[in-house]
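>>> sequence first, predicted model second:
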Amino acid sequence: MHILEGKKIYFSSDNHLGAPTKELSKPREKKFVQWLDDVKEDAAAIFLLGDLFDFWFEYKHVVPKGFVRVLGKLAEIRDSGIPIYFFVGNHDLWMDSYFQDELNIPVYHKPKEFVFNNKRFLIGHGDGLGPGDEGYKRMKKVFTNKFSKWLYRWFHPDLGVPLAQHLSVKNKLISGDDDAKFLGEENEWLVQYAKRKLKTKHYDYFVFGHRHLPMSIKVGENSTYHNLGDWINYYTYGVFDGEKFELKEYQNTSRKE
């Protein structure tokens, strides 16, 4: 993709809408919708890197109710011709075809490579990558197993959705979330993952979510790992203007910086 002058690519992750309750997350949803309204003015594309929802499960004919403000805004932006790309996170990993069918937004379950203005990006949510976190990796294999999902669909949504929402908030093994504090480069699994990837191929930027901490770390002479932070404590997002990538904090003004 070539980014035209005056256009930008925007990146966001980890909104966790619905947590700790739908009512308490509504102000964050409204703030995120305002951000979408702002960035659509000069967006060449928008990347959502997972955990938009604190829980999401698609039954054959049912999806969790709520979040109509953000879903409506995404539909409006996509209908205007701006590409939107969605990467599932560990909280919405049961997303299937709803976004693709209803919103025309492609959904990715693994990191994917993109090239913008000759800069190579590796983009994803970030859960289960790199060394360590073996308990979550085993749990993820169970949750993403087709037979497991088929079994869960036999729970009536009035039972299945509240149960999953409870576990999503309370069980750290299921959620896969670490405490949001910097662990040092040698213990940041996504930093180690990026360094390993560079041994076989060059990337200018690694862009991930999941850690809930905004950070930018050099992982090679011309390579940087960026974590987008979250929309719970930091309200941070990424911007690529065709030449450089920056992390910014959204101030909820009528226009972006």
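Good, I have the coordinates.
>>> in the stretch 1-150 of the chain, where is pLDDT below threshold?
Residues of the stretch 1-150 of the chain that meet the criterion pLDDT under 70 lie in 131-145, 147-150.
>>> buried stuff in the helix or strand containing Glu23?
Per DSSP states H and E: Glu23 is located in helix 22-39. For helix 22-39, burial by neighbour count (16 or more other C-beta atoms under 10 Å) applies to 22, 25, 28-29, 32-36, 38-39. For every residue, glycine as well, the C-beta is placed using N, CA and C.
>>> show me what the helix or strand just after that helix is packed against.
Using DSSP H and E, the next helix or strand after helix 22-39 towards the C-terminus is strand 43-48. If you count contacts as 3 or more C-beta pairs under 8 Å, 6 or more residues apart in numbering; DSSP states H and E, strand 43-48 packs onto strand 8-12, strand 84-87.
>>> before we move on, back to that, hmm, who's touching the helix holding Glu23?
8, 10, 12, 15-19, 46, 54, 66-67, 69-70, 73-74, 77, 231-232, 235, 237, 250, 252, 254-256 (C-beta atoms under 8 Å, 6 or more residues apart in numbering).
>>> ok, 6 Å please
Contacts to helix 22-39, defined as C-beta atoms under 6 Å, 6 or more residues apart in numbering, come from residues 10, 15, 17-18, 66, 69-70, 73, 231, 250, 252, 255-256.
>>> ok, stretch 216-229 next?
11, 13, 191, 194-195, 198, 203, 205-209, 211, 213-215, 236, 238.
>>> quick one: average pLDDT of that stretch?
Mean per-residue pLDDT for stretch 216-229: 96.
>>> one more: stretch 241-257?
The pLDDT scores in stretch 241-257 average 80.
>>> buried residues, that stretch. List them.
241-242, 245, 247, 250, 256.
>>> in strands, which of those fall?
Among these, DSSP state E puts 245, 247 in strands.
>>> hmm, which two among the buried residues of stretch 241-257 are most spread apart?
Checked with C-beta to C-beta, those reach their widest spread between Gly242 and Tyr250, with 20.8 Å between them.
>>> and the buried residues of helix 22-39, which is closest to Leu159?
Nearest to Leu159 among those is Lys22, at 17.5 Å by C-beta to C-beta.
>>> distance check, the residue nearest to Leu52 when sequence neighbours are not counted against Phe86.
In this structure, Leu52 finds its nearest non-sequential neighbour in Asn15, 5.1 Å apart by C-beta to C-beta, 6 or more residues apart in numbering. Distance, Asn15 to Phe86, using C-beta to C-beta, to the nearest Å: 12 Å.
>>> what about the strands in the protein?
Ranges of strands in the chain, per DSSP E, are 8-12, 43-48, 84-87, 107-108, 112-116, 119-123, 205-208, 214-220, 223-228, 236-240, 245-249.
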